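**Q** Pasting the sequence and the predicted coordinates here, then a few questions.
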Amino acid sequence: MKFNESQYRQRRIAMLCASASSLRGQGPAGMIKSTRKFLARVHLEKFNELDGKAFNLRLNSLTRRLMRRFPMTARTNWGAARKVLNLFLRDALYDHHLNVRYSLHQIEPYLEVPLDRDVAEGLRSEREGGQLPPRFKIKTLTPQASKQYQDFAQRVAENKKNPTPRVHLDLLYWRKKESSD
């Protein structure tokens, strides 16, 4: 068998992103395994020439396809599918080899911040963050609520002292409470 470094890197990222931590409480046994298998087979080369609209269409399509791979009782969990896809695409961007191989830097401006409780709290703590939905749960996240958070995250990222794509806000908000202790 020929060694394909890109495939191994992608599979490793799939395993790290679809973890007991990222999918805790999101579905039954088998959800992590099916998610990892799905992510390991995402065609990253199909992302490199997308504009914002085409990227969103592709992300929405992948979200629906991943949901169909979830165990039956978790197939309505749009939030978990979107979160893990956003984690996966972000980490593929952060992997130098995959980024260069698939020109993922071209989609960096379109990547969503992976939403979780920490990110939602961080966004709500920003000026004008009170307009966001007050309760956040991945399991009940809808595309409409996600769009509210993503649109607000876009504005926050653009208005930072050093503007950054919104995908990187996760670094700012993730476990902020623990790091401030």
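**A** The structure has been received and is ready for your questions.
**Q** Isn't Asp170 up against Ala120?
**A** No. Counting by Cβ atoms under 8 Å, Asp170 does not reach Ala120; the two are 11.3 Å apart. All C-beta spots, glycine's among them, are computed from the backbone N, C-alpha and C.
**Q** These two - which one has more neighbours?
**A** Ala120 (24 against 20; other Cβ atoms under 10 Å).
**Q** The closest residue to the more buried one other than its chain neighbours: neighbour count?
**A** In this structure, Ala120 finds its nearest non-sequential neighbour in Phe136, 3.7 Å apart by Cβ to Cβ, 6 or more residues apart in numbering. Look at Phe136: counted by other Cβ under 10 Å, it has 20 neighbours.
**Q** Can you give me every residue that contacts Phe136?
**A** By Cβ atoms under 8 Å, 6 or more residues apart in numbering, Phe136 lies in contact with Leu115, Arg117, Ala120, Glu121.
**Q** Show me the chain divided up by domain.
**A** The record assigns the chain these domain ranges, following automatic domain parsing: 5-110, 117-180.
**Q** tell me, which of the ones you listed is the model least confident about?
**A** Comparing mean pLDDT over the domains of the chain, the weakest stretch is domain 117-180, at a mean of 90.
**Q** From Gln154, how far off is Arg166?
**A** From Arg166 across to Gln154, the span is 5 Å (Cβ to Cβ, to the nearest Å).
**Q** More neighbours: which of the two?
**A** Comparing Arg166 with Gln154 by neighbour count (other Cβ under 10 Å), the higher total belongs to Arg166, at 24 against 16.
**Q** From start to finish, how long is stretch 136-148 in a straight line?
**A** Using Cα to Cα, to the nearest Å, the end-to-end distance of stretch 136-148 comes out at 12 Å.
**Q** Enumerate the positions of that stretch that are buried.
**A** For stretch 136-148, the neighbour count (16 or more other Cβ atoms under 10 Å) marks Phe136, Ile138, Leu141, Ala145, Ser146 as buried.
**Q** ditto for stretch 91-101
**A** Residues of stretch 91-101 classed as buried: Asp91, Ala92, Leu93, Asp95, Leu98, Asn99, Arg101 (neighbour count, 16+ other Cβ under 10 Å).
**Q** how about it as CSV, C-alpha atoms only?
**A** Provided in CSV are the C-alpha atoms of stretch 91-101 (Å, rounded to 0.1, in the frame of the first residue of the first chain):
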residue,chain,number,x,y,z
ASP,A,91,-7.9,22.2,11.7
ALA,A,92,-7.3,21.3,8.1
LEU,A,93,-6.5,25.0,7.5
TYR,A,94,-4.2,24.9,10.5
ASP,A,95,-2.3,21.9,9.1
HIS,A,96,0.4,23.3,6.9
HIS,A,97,0.7,20.3,4.7
LEU,A,98,-3.1,20.1,3.9
ASN,A,99,-3.4,23.9,3.6
VAL,A,100,-0.6,24.0,1.0
ARG,A,101,-1.8,20.9,-0.8
